[in-house]
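[1] Next comes the sequence, and after it the predicted model I'd like to discuss.
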Amino acid sequence: MQKQFVRALRRTVIGALAVVVGAALWIALTLTTDRPVAYDDIVEQFKYGSIGSEPGVSLLRPVGGALPPYAVFAALPSICPEKLPGGYASLGFIYEPGHDLPIGVARRNRQGVDHVGLNCALCHTGTVRDTPDAPRRIVAGMPAHQLDLQSFVEFVLACSLDNRMTTDAVRGRLTDAGGSSLFQRALLRLGLVDRLKLQTLELRNRIGPMLGDAVPRWGRGRVDTFNPYKAIQFNWPLERLPRSELIGASDFPSLWNQQPREGLQLHWDGNNDSVDERNLSAGLGAGITPVTVDHAGIKRIRDWIWTLPPPPYPYSIDRALAARGATVYQSACLECHGDHRFREGIRAGAGLGRVVNASDIGTDRYRLDSYTPAFAANQYALFPNSSYRFRRFRKTTGYANHPLDGIWARAPYLHNGSVPTLRDLLEQPEKRPPVFYRGYDVYDQNRVGFIGTVREEGGREFFRYDTAVPGNSNAGHLYGTTLPDPDKLAVIEYLKTF
Amino acid sequence: MLVALAVLGLVASGLVYDRLFRERAAPYFESDAEHFLYGSIGAESIDGVPYWIWLVLPRVFPDLLPGAGGYSSLGLVSEGAHELPVGLSMVTIGYPRVAMNCAFCHTGSVRSRPDEPPRIVAGAPAHQTSAQAYTRFLTAAAADPRFNAGTILGEIARNYRLSFVDRLLYRFVVIPGTRQRLLRLRNETAWTSRHTDWGAGRADILNPIKFRRLGRPVDATVGTADMMPLWSTASRAHGLFWDGSTSSLRDAVMTSALGSGASRPWLDRDIARWDESGDERSSLRRIHDYMMALKPPPYPFSLDAPLASAGEAVYKTECAECHAHAGTGGGDVASVSSVGTDDNRRTVWTVDATTAYDTFSGGRAWQSPAVAVRDGYLAVPLDGLWLRAPYLHNGSVPSLTDLLNASQSRPSRFWRGYDVYDPAKVGFVSDGPEAQRLGTVYDTTQPGNANTGHSYGTDLPAESKRALLEYLKTL
């Protein structure tokens, strides 16, 4: 009897120990998970693969990331429907069949949580339609001229902090797609949502001075590259900066054909001449940090965009006219912008990739002034004590002459995207449209750029771009504006071949 | 069992020694110029702040800085080639530690226009740097409840992955220890709050030695003076420092290193290598040699040559006697009673301090000859004069134009530290919204800040002043 009892007790204790050890092992294994969703196909990887912009390091004090976990991210539009009636798509997010997340949003399981993070494709994948009824062409590497990033950030912050965003609201919306594991359900019960709200508040406090209408809105297809970075990476109190320094919205650039760009002055103001540093710096904007970055993931994208060809102009080109345009271009544009052979890696033009003083170009100077020597000084300590540390950033005095490969797909033009079409760019500033709409993706083959007169389509509102607003000036870059009309048309035809 | 415990104990104490105390060789910089900007002068063991803590302090305590911009808001300048700003060195003593070197106070920043990147001039006075505000920032952070292991490790985790052992040591030893050291520094520098603020580009280097290193009782003397340029010291056998209290560059370098926090054992070791060569060379010897070869940068703006040569004649009759290297009174100390400038700086190094210093440095290789209280200030050479702004020993006059006006007409309130140059007045822009936003206010009515005296040239006719000003740009 007693023997039996002892044996039973022993069995129970051993069983209980096994359960405890098993549970501890399971938790330990879960907490050390770092599993990105990856794709063999590089274009899929670019669109949906992770660069490490998801939160990591610790469950209690997560590092990095700009988005809530998958389950919350997916639930937000239905939790706050009136804040985003058309869902993420209405902000210019692109959905493809077979994917539950839009292009530019990657998944990664870190510490047992299905996280989502932004990747390069979000701001660098554009859409083009030939006519309002035509299907959308999705062009990887093209500026996401349709994307309203600022409204997206504002929506995620506002809805995350909304009273309706509760544990129950998230639990009621869990799907098998992600976030429904036992571990994550347990985390939800243990106050994941409250913790998330605290982190969201902290983020909102940091970038608050540039949200809403505190400074001119970025609008579709634009981002202020460096000001959020001052707040998020360095915790600068933005409200102590002169307000003018907080105006820095500029156009998303294209990602293709990076190899011949190495050594040119990159970024609109030419503040860095290293493609790799520029890539990492852009990744910080997507939510990576020096400790959570996935260098291997970024390397894959880097190797791909190194030789990614610019997309050929999808419509007919008058070759004879283009040939005539080449001659005009040679004398009017080549010196600074190189020529059509840049796509083959040939860097023509002594001024290509060099900075011209802002006073000489005459374009809007807010973006230039938003990048300060003090900021560069702070950047030098990013990726500290590693071979990735930033060394190449420099304050400049103007804007860089960029190569024009794939220029047809890079509309609107100038660094702040203040001129809708190439035809408008070749007019004197007074004759450029003072107000137009950004984000509509039907192409204007006559003027070369997107149609800028459509305010709204199917409930999707486009961004009213007012060139009178600080930071939005369409002045300057008078080159070619005095050419005779036939020459302008010829140059434009030639530019289609880039 | 016992053996295992003993082995474990040995390993643990080895680890602790390695991560907390073991001093590694300071990073070696090939050129003397790099060494000057980033090399160690031995201040890490006393005042070194652990690098990872130093890195995140501005991000945890942005409200304790004078503006947005991290350490840049204190006037520190950076070049991309180095992780640390100019004027800070890093040495691993257990853990990497950051401390000041000479370049902290002797590297200037200058721009010709607000939208230009700054030009960093090694050896120029760091007119833009607030050394006092830097120390105050570190010590204020230590006194703040946010200076705790949780907050600081949390911020470090956003930048760098410390190993598990390091995290433990940081949590229980390094962070609390750093806090204690900084709080002690806060006590040791508490006297500064009863003195006039240094502001940008000025420092009181003597009183910290007197009160902190020599343990003399705090007195009311004000030793605040302009940071000096380091060029053309080779020709200055007549005297260094504002009061000309030494004529040996070697002594000047050693005293300054001591004032910047170099420890005595480090000084002993470094001076013992004074005559070595190659990478064994003494750190201070390298700085000494760098200074011997340093030349002032020429005036970068346009010059009116005929006007300047007319000005040379004025200079010869009005200024050369005291200021020219070869002048009859060249480099002599002029008494305060004759020059009339602020008397405070002169009186700091008291007889009591001299005695205490002799005891402190007695028998050491770096001991300097006793220094007596001087009765005035050195008529300093004027080479690179354009970059020596603001002027007079206490930096009380923003431009040469103002200096050529009678003291009543000089600005009584202006801003120091803004690095945009004003070629019309010959000095840095010292008023206006940006100068006020980025600079520190200078009030000439505060003790030690008088802008009186040095009335030489103030009653010259306007035309002669204009010519003289033009000539002074060429120096």
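    Right, received. Where do you want to start?
[2] name the element the residue of the stretch 201-350 of chain B found nearest chain A belongs to?
    Nearest residue of the stretch 201-350 of chain B to chain A: residue B:300, at 15.5 Å (C-beta to the nearest C-beta). C-beta: built from backbone N, CA, C; applies to glycine. Using DSSP states H and E, residue B:300 maps to neither a helix nor a strand.
[3] For the nearest residue to it once chain neighbours are set aside, grab the count of nearby residues.
    Ranked by C-beta to C-beta, 6 or more residues apart in numbering or on different chains and with sequence neighbours excluded, the top spatial neighbour of residue B:300 is residue B:112, at 6.9 Å. Counted with other C-beta atoms under 10 Å in any protein chain shown, the neighbours of residue B:112 add up to 13.
[4] pretty sure residue B:112 is touching residue B:428, no?
    No - using C-beta atoms under 8 Å, residue B:112 makes no contact with residue B:428, being 11.2 Å away.
[5] Stretch A:415-431: end-to-end distance?
    Start to finish, the residues bounding stretch A:415-431 are 19 Å apart (C-alpha to C-alpha, to the nearest Å).
[6] just to revisit the earlier point, how close does the residue nearest to residue B:300 get to chain A?
    Look at residue B:112 and chain A: by C-beta to the nearest C-beta, to the nearest Å, they are 11 Å apart.
[7] ok, that residue - contacts?
    Applying C-beta atoms under 8 Å, 6 or more residues apart in numbering or on different chains to residue B:112 gives the contacts B:300-301, B:420-421, B:423.
[8] Please pick the buried ones from those.
    B:420-421 (16 or more other C-beta atoms under 10 Å in any protein chain shown).
[9] List the buried residues of stretch A:282-290.
    So, applying 16+ other C-beta under 10 Å, buried residues of stretch A:282-290: A:282-290.
[10] low-confidence ranges in the stretch 151-300 of chain B?
    B:234-238 (pLDDT under 70).
[11] what about the helices in it?
    Here the stretch 151-300 of chain B has its helices, by DSSP state H, counting those that start in this stretch, at B:164-169, B:175-188, B:206-208, B:249-259, B:264-272, B:283-293.
[12] now these in a markdown table, with mean neighbour count and distance to residue A:59?
    Formatted as a markdown table, the helices of the stretch 151-300 of chain B follow (neighbours: other C-beta atoms under 10 Å in any protein chain shown; distance: least, C-beta to C-beta, whole Å):
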| stretch | mean neighbour count | distance to residue A:59 |
| --- | --- | --- |
| helix B:164-169 | 14 | 16 |
| helix B:175-188 | 17 | 22 |
| helix B:206-208 | 23 | 46 |
| helix B:249-259 | 22 | 48 |
| helix B:264-272 | 17 | 44 |
| helix B:283-293 | 20 | 46 |
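[13] got these as a markdown table, with distance to chain A columns?
    Output for those, formatted as a markdown table (distance: least, C-beta to the nearest C-beta, whole Å):
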| stretch | distance to chain A |
| --- | --- |
| helix B:164-169 | 11 |
| helix B:175-188 | 16 |
| helix B:206-208 | 27 |
| helix B:249-259 | 25 |
| helix B:264-272 | 24 |
| helix B:283-293 | 23 |
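[14] Common neighbours of residue B:112 and residue B:428, please.
    What both residue B:112 and residue B:428 touch, as defined by C-beta under 8 Å, 6+ apart, is the set B:420-421.
[15] chain center to stretch A:427-437: distance?
    27 Å (C-alpha atoms, centre = their mean, to the nearest Å).
[16] what about that stretch, start to end distance?
    For stretch A:427-437, the first-to-last residue distance is 18 Å (C-alpha to C-alpha).
[17] Name the residues of it that come out as buried.
    In stretch A:427-437, the ones that count as buried by 16+ other C-beta under 10 Å are A:427, A:429, A:432-433, A:436-437.
[18] residues touching residue A:164, list them.
    Neighbouring residues of residue A:164 by C-beta under 8 Å, 6+ apart: A:79-80.
[19] what kind of secondary structure is the nearest residue to residue B:84 once chain neighbours are set aside in?
    Nearest residue to residue B:84, sequence neighbours excluded (C-beta to C-beta, 6+ apart): residue B:90, at 6.0 Å. Under DSSP: H, G, I helix; E, B strand; the rest coil, residue B:90 falls in the strand class.
[20] Please read off the pLDDT at residue B:90 from the model.
    Residue B:90 is assigned 96 on the pLDDT scale.
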